[in-house]
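Enquirer: Give the three-dimensional model of this entry:
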Amino acid sequence: MVARVTTFAFEGVEARRVDVEVQLVGSAGPTTFTLVGLPDKAVAESRERVRGAFAGIGLALPPQRIIASLAPADLPKEGSHFDLPIALALMAAMGVIGPSDLEGWAAIGELGLDGRIAATGGALPAAVAASSLGLGLICPETSGAEAAWAGDANILAPRSLIGLINHFKGTQVLRAPEPGPVSAGGAVPDLREVKGQESAKRALEVAAAGGHNLLFIGPPGSGKSMMAQRLPGLLPPLTPPELLETSMVWSMAGLIERGALTRARPFRSPHHSASMAALTGGGMRARPGEASLAHNGVLFLDELPEYSAQALDSLRAPLETGEIVVARANHHIRYPARFQLVAAMNPCRCGMGGAGRGACGKAPRCQVDYQNRISGPMFDRIDLTVETPPVTAADMALPRPAEGTAEAAARVAAARAMQAERAQAAGLDPVAAINARADGDHLDRYATPDEAGRALLMKAGEAGGLTARGWTRTLRLARTIADLDGADGVSRRHVAEALIYRRAGLAAQGDFERCQAHRSPTF
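Expert: You can find the predicted model right below:
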């Protein structure tokens, strides 16, 4: 007799169906346990964990040849979550539970030597995949609240093999787990705590309103990291589709505790010693990297030139496509990576730059060499580049600003609402149609500037300050500035401010200063 149960192999956040088949061959004889189906080391060790778990609950393996097959055979199997389905199929083959008990169920989970079922990553993607196949999911007790977020899927979350056996025999009925709590996120730092740096605060608000990439350049202590850490407070909470996408990535990384989700956007800040694999994902099991963990949120890279050139350039493609592909010899693994890049750097290695008190004595060569660590194509993908001058004693002596995070977040929410309305009118996904991702006809229709703005943009392009990508990103940026103004169209002053942020030459400097003179203070 062959006993079967369904489980899943994970490729990125996609759960692919795997059928576990167990057959007992021969009569009396020495017990042998053969596992086939392209298992990795962790899967191959399932034989010993299953053997130990059975001994822990008082079951002995039959004196026969045990063959466990994981089909399809050419799909790589990685991870310890195959323990539970192998054990269930083996128990069905032994007659401990009825084979019909496993019909309509998939299973994931790691076994302890005492029969306990330990948590593994991927409960939420597995539950979503099981639901799409019309199956329920058997998972560890600690993963039940996470799996319950899959919607109408039937979930069983036993603590141990004994509890699961008793459930199938009807002596102990397991209750379906409830989804874990959803929080709004913890307290975030307030912009009121930042004194001075009004231009940088304005840029931070523009970046939040349109989802644009942002770079702060300034000496140590000028507030670069301080402002970046306040960006999450300006961003709107995750929408339900974004929450599901982000949670599935975090589930694969094993970062969801007791099924608790948060609507706060991710904010990831890896150290500058992080490798390319740490940023983009990889390793033995191709786990998600920091860029994917920041999906639908913010990836903050402090001390940008200190990252290796290989690690930084590995982010160039994800910044355009919104996904990361980890290439293997026999297959490719895709992770979503639609993040907002925020970075900070000193003007040179000593930190002070070439002007002012404490200026670097090697300027300007030191600055040029230091900033050349970042490739031109990487710079071209940054929408706003803002200098943060040193904060003076006069700035520190001032009282706290009258406006802070709450007021700026309200303006950001209003600008995002305008973008969502335009996307709805065009029949587009509002999540994918924020200004930083606007493209094609949608961009042409809503971001084309007036005649004066177009002339200014042409002047900057002819001066060599804009690449083709820079032209498109300037239009997106100008559209966001117009949204913050509540304007229907893009005018010359919006284009001028966008060009200054993109450092596309000084042709727009006079226009920007004139429009700033008529603008009420933002903070």
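
Enquirer: what ranges do the strands span in the stretch 401-523 of the chain?
Expert: Here the stretch 401-523 of the chain has no strands by DSSP state E, counting those that start in this stretch.

Enquirer: Where does pLDDT dip in it?
Expert: 432, 504-523 (pLDDT under 70).

Enquirer: all helices for it, in order.
Expert: Taking DSSP state H, counting those that start in this stretch as the test, the helices found in the stretch 401-523 of the chain are 405-425, 440-447, 451-462, 468-485, 492-501, 509-517.

Enquirer: Equivalent analysis for the stretch 1-150 of the chain, please.
Expert: With DSSP H, counting those that start in this stretch as the criterion, the stretch 1-150 of the chain has helices spanning 41-44, 46-56, 83-94, 123-132, 144-147.

Enquirer: right, so these: which one is the most enclosed?
Expert: Most buried of these, by mean neighbour count (mean count of other C-beta atoms under 10 Å): helix 144-147, with a mean of 28. Any C-beta I mention is one placed from the backbone N, CA and C, and that applies to glycine too.

Enquirer: List of residues touching it?
Expert: Residues outside helix 144-147 that contact it (C-beta atoms under 8 Å, 6 or more residues apart in numbering) are 123-124, 126-127, 137, 139, 153, 155-157, 177-180, 251, 256, 258-260.

Enquirer: Just give the strands next to the helix or strand just after it in its sheet, each with its orientation.
Expert: Of the helices and strands lying after helix 144-147 in sequence (DSSP states H and E), the nearest is strand 155-156. Strand 155-156 has its sheet partners listed here by DSSP bridges as strand 136-138 (parallel).

Enquirer: what pLDDT, on average, does the strand it pairs with get?
Expert: The average pLDDT within strand 136-138 is 97.

Enquirer: mind starting the numbering at 319 from now?
Expert: All right, first residue 319 from here; so that's strand 454-456.

Enquirer: List the buried residues for that strand?
Expert: Applying a neighbour-count criterion of 16 or more other C-beta atoms under 10 Å, the buried positions in strand 454-456 are 454-456.

Enquirer: for those residues, which one is nearest residue 588?
Expert: residue 455 (32.5 Å; C-beta to C-beta).

Enquirer: Doesn't residue 642 lie inside a strand?
Expert: Yes. Assessed by DSSP: H, G, I helix; E, B strand; the rest coil, residue 642 belongs to a strand.

Enquirer: Distance of the spatially most central residue of the chain relative to residue 619?
Expert: The residue lying closest to the centre of the chain (C-alpha atoms, centre = their mean) is residue 613, at 2.2 Å. Remark: distance between residue 613 and residue 619 (C-beta to C-beta, to the nearest Å) = 16 Å.

Enquirer: any weak-confidence spans in the chain?
Expert: 602, 647-648, 671-677, 750, 822-841.

Enquirer: coming back round to it: number of residues surrounding the residue nearest to the residue nearest to the centre of the chain when sequence neighbours are not counted?
Expert: What sits nearest to residue 613 in space, not counting adjacent residues and going by C-beta to C-beta, 6 or more residues apart in numbering, is residue 654, at 4.8 Å. Using other C-beta atoms under 10 Å, residue 654 is surrounded by 21 other residues.

Enquirer: Who does residue 654 form a beta bridge with?
Expert: Applying DSSP bridges, one finds that residue 654 bridges with residue 641.

Enquirer: Please report the distance of it from residue 570.
Expert: With C-beta to C-beta as the criterion, residue 654 and residue 570 are 11 Å apart.

Enquirer: what touches both of these two?
Expert: residue 331.

Enquirer: Residue 710: what's it in contact with?
Expert: Residue 710 sits in contact with residue 514, where contact means C-beta under 8 Å, 6+ apart.

Enquirer: Mark which of the contacts of helix 462-465 are buried, thanks.
Expert: Counted by 16+ other C-beta under 10 Å, the contacts of helix 462-465 give 441-442, 444-445, 455, 457, 471, 473-475, 495, 497-498, 569, 574, 577 as buried.

Enquirer: Out of those residues, flag the one nearest to residue 585.
Expert: Closest to residue 585, out of all of the buried ones among the contacts of helix 462-465 and judged by C-beta to C-beta, is residue 574, at 16.6 Å.

Enquirer: residues in contact with that closest one?
Expert: 441-442, 464, 498, 565, 568.

Enquirer: so what's residue 526 up against?
Expert: Residue 526 neighbours (C-beta under 8 Å, 6+ apart): 549, 552-553, 726-727, 730.

Enquirer: Could you let me know which of those residues ends up closest to residue 450?
Expert: residue 553 (30.8 Å).

Enquirer: Now the closest residue to that closest one other than its chain neighbours: which helix or strand?
Expert: Closest residue to residue 553 apart from its sequence neighbours, by C-beta to C-beta, 6+ apart: residue 583 at 5.0 Å. Using DSSP H and E, residue 583 sits within no helix or strand.

Enquirer: got a list of what residue 583 touches?
Expert: With C-beta under 8 Å, 6+ apart, residue 583 has these contacts: 550, 553, 555-556, 614-616.

Enquirer: now, which of those residues lie within strands?
Expert: residue 616 (DSSP state E).

Enquirer: follow-up on the earlier one: relative to residue 717, which of the buried residues of strand 454-456 is nearest.
Expert: For those, the nearest to residue 717 is residue 455 (56.4 Å; C-beta to C-beta).

Enquirer: thought residue 412 was touching residue 319?
Expert: No. Residue 412 lies out of contact with residue 319 (C-beta atoms under 8 Å); the separation is 9.9 Å.

Enquirer: what's the overlap in contacts for those two?
Expert: In contact with both residue 412 and residue 319: residue 342, using C-beta under 8 Å, 6+ apart.

Enquirer: Checking residue 561 next. Helix, strand or coil?
Expert: helix.

Enquirer: hang on, isn't it packed against residue 579?
Expert: Yes. With contact defined as C-beta under 8 Å, residue 561 counts as touching residue 579 (6.3 Å).

Enquirer: Neighbour count for these two, which is higher?
Expert: Higher neighbour count among residue 561 and residue 579: residue 579, with 22 against 18, using other C-beta under 10 Å.

Enquirer: so what's that one bridging to?
Expert: Here residue 579, judged by DSSP bridges, has bridge partners residue 500.

Enquirer: close enough to count as contact, residue 491 and residue 481?
Expert: No. Using C-beta under 8 Å, residue 491 makes no contact with residue 481, being 10.2 Å away.

Enquirer: closest to residue 362 out of the helices of the stretch 719-841 of the chain?
Expert: Set against residue 362 and scored by C-beta to C-beta, the helices of the stretch 719-841 of the chain come closest in helix 786-803, at 47.5 Å.

Enquirer: Show me the common contact partners of residue 561 and residue 579, please.
Expert: Taking C-beta under 8 Å, 6+ apart as the contact rule, residue 561 and residue 579 both touch residue 500.

Enquirer: Any idea how many residues pack against residue 477?
Expert: Residue 477: 15 neighbours (other C-beta under 10 Å).

Enquirer: need the contact list for the nearest residue to it once chain neighbours are set aside.
Expert: For residue 477, ignoring the flanking residues on the chain, the nearest one in space by C-beta to C-beta, 6+ apart is residue 459 at 4.4 Å. Taking C-beta under 8 Å, 6+ apart, we find residue 459 in contact with 435, 475-477, 495.
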